[in-house]
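[1] Just need the structure, nothing else, for what follows:
(one chain, ligands or ions: 1)
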Amino acid sequence: MATQSAAWLIKNFWNFFKEYSIDKEDLIKKFNEVQGSGHDYVWSLLQDCHANQAKQFESGRIDERTFYQMNSNVYQQMSRFLQEFEKKKNRLLYQSLQEVNQIMADRFDDDLKGYEVFSVNCCAACDADDIKALTVEEALAHAEAIPSRCGNTYNRGCMVSYLILNDDHPYHRQKVQP
Ligand SMILES: [Zn+2]
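    Alright, predicted model coming up:
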């Protein structure tokens, strides 16, 4: 599917944008009006989502946890966009921002104990930390370091995820043997 068609936009991003009181017909109309710069248009919409939730947080309409969770969701879309449609190197930066905001949201869980790193087939540096247990503060630092740590071996972004440790999941698994 051509990445400049409205069908592409709807297929890949409507599930996300529909949560933002964006009118579908209006979205398609504007996208078609900027033929040739559809990518810029989608990126500006994602930036608008960020600005919008910052305003909602400042005015007290959403709480801090929701604010961080929404930030994490937008960064996820931005990093997906960069990987699939732009192949930009700075995808790692947006993955880092996504994870940091997700952890900031997770902190509101009373029984959050920390995280376990899950990294299999990412790169040598990330895989070395597989199954490592991290405190919340350590996980924040680990997520912030994604752009400087990850070798992005397969050019598909950083594959690290942070598994929540709590009363139900005090640990997750044994190390996978290569
Ligand atoms: Zn890596």
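[2] From here on, just use CA atoms for contacts and neighbour counts.
    Fine.
[3] so which strand or helix has Leu9?
    If you go by DSSP states H and E, Leu9 is part of helix 6-17.
[4] measure Asp109 to Leu165 for me?
    11 Å (C-alpha to C-alpha, to the nearest Å).
[5] Neighbour count: these two, which is higher?
    Leu165 (20 against 10; other C-alpha atoms under 10 Å).
[6] What residues sit buried inside the longest helix that the chain contains?
    Longest helix in the chain by number of residues, with DSSP state H as the criterion: helix 38-58. Residues of helix 38-58 classed as buried by neighbour count (16 or more other C-alpha atoms under 10 Å): Gly38, His39, Tyr41, Val42, Leu46, Cys49, His50, Gln53, Ala54, Phe57.
[7] Point out the other elements, helices or strands, that it touches.
    helix 24-33, helix 64-81 (3 or more C-alpha pairs under 8 Å, 6 or more residues apart in numbering; DSSP states H and E).
[8] tell me which parts of the chain are close to the ion?
    Proximity of the chain to the ion, by C-alpha under 5 Å from the ion, involves residues Cys122, Cys123, Cys126, Cys150, Cys158.
[9] most centrally placed residue in the chain?
    Using C-alpha atoms, centre = their mean, the residue of the chain that lies closest to the mean C-alpha position is Gln76, 2.4 Å off.
[10] Quick check: closest non-adjacent residue to that one.
    Gln98 (5.7 Å; C-alpha to C-alpha, 6 or more residues apart in numbering).
[11] hang on, that neighbour packs against Ser72?
    Yes - counting by C-alpha atoms under 8 Å, Gln98 does reach Ser72; the two are 4.3 Å apart.
[12] what about the closest residue to the ion within the chain, how many neighbours?
    Nearest to the ion in the chain, going by C-alpha to the ion, is Cys150, at a distance of 3.6 Å. Cys150 has 19 neighbouring residues, counting by other C-alpha under 10 Å.
[13] Contact partners for it?
    Leu92, Cys122, Cys123, Ala125, Cys126, Cys158 (C-alpha atoms under 8 Å, 6 or more residues apart in numbering).
[14] Now do it against Gln76, distance only.
    From Cys150 to Gln76 the distance is 17 Å (C-alpha to C-alpha).
[15] Kindly report the same for Ser161.
    Distance from Ser161 to Gln76, by C-alpha to C-alpha: 13 Å.
[16] Arg156: what's it in contact with?
    Gln83 are the contacts of Arg156 under C-alpha under 8 Å, 6+ apart.
[17] no wait, Ile62
    Here Ile62 is in contact with Gln56 (criterion: C-alpha under 8 Å, 6+ apart).
[18] for it, phi and psi?
    phi -130, psi 150 (degrees, to the nearest 10).
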